[in-house]
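Visitor: Fold the following for me, if possible:
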Amino acid sequence: MPPEADVMRRPQANFDALLQRIRTDYVETPGLRLTLAQAQRLWDLDRNACLVVLAALVDDHFLRREPDGRYVRAESSAASGSVA
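Guide: Residues are numbered from 1 along each chain as shown. Coordinates of the predicted model:
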């Protein structure tokens, strides 16, 4: 069975909790820009599982993938020029 299927076999509540954890990390750490490898280490996920959750957050327009491959909050480009 492919590794991404492991993520999808988990109960929906666990998947949703993981998505919320990642959202929280991005909200609590303004300017967070992670490569796939960094995200894997931070959230202790294998490559395919990490791709699945990051893709879900990109599809939801919470994250976007920059040309260099890093994942950032989708709103961060608009907010980067503003002073908090």
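Visitor: nearest spatial neighbour of residue 27, skipping sequence neighbours?
Guide: For residue 27, ignoring the flanking residues on the chain, the nearest one in space by C-beta to C-beta, 6 or more residues apart in numbering is residue 73 at 7.8 Å. Placement of C-beta: from N, CA and C, glycine included.
Visitor: and the one you found, what does it touch?
Guide: 26, 27, 32, 62, 63, 64 (C-beta atoms under 8 Å, 6 or more residues apart in numbering).
Visitor: all helices for the protein, in order.
Guide: Counting by DSSP state H, one finds helices in the chain at the ranges 3-9, 12-28, 36-43, 47-59, 76-79.
Visitor: Distance of the residue nearest the centre of the chain relative to residue 72?
Guide: Residue closest to the average C-alpha location in the chain (C-alpha atoms, centre = their mean): residue 54, at 3.9 Å. If you measure residue 54 against residue 72 using C-beta to C-beta, to the nearest Å, the figure is 11 Å.
Visitor: picking up where we left off before, with residue 49 as the reference, measure out to the residue nearest to residue 27.
Guide: Relative to residue 49, residue 73 is positioned 21 Å away (C-beta to C-beta).
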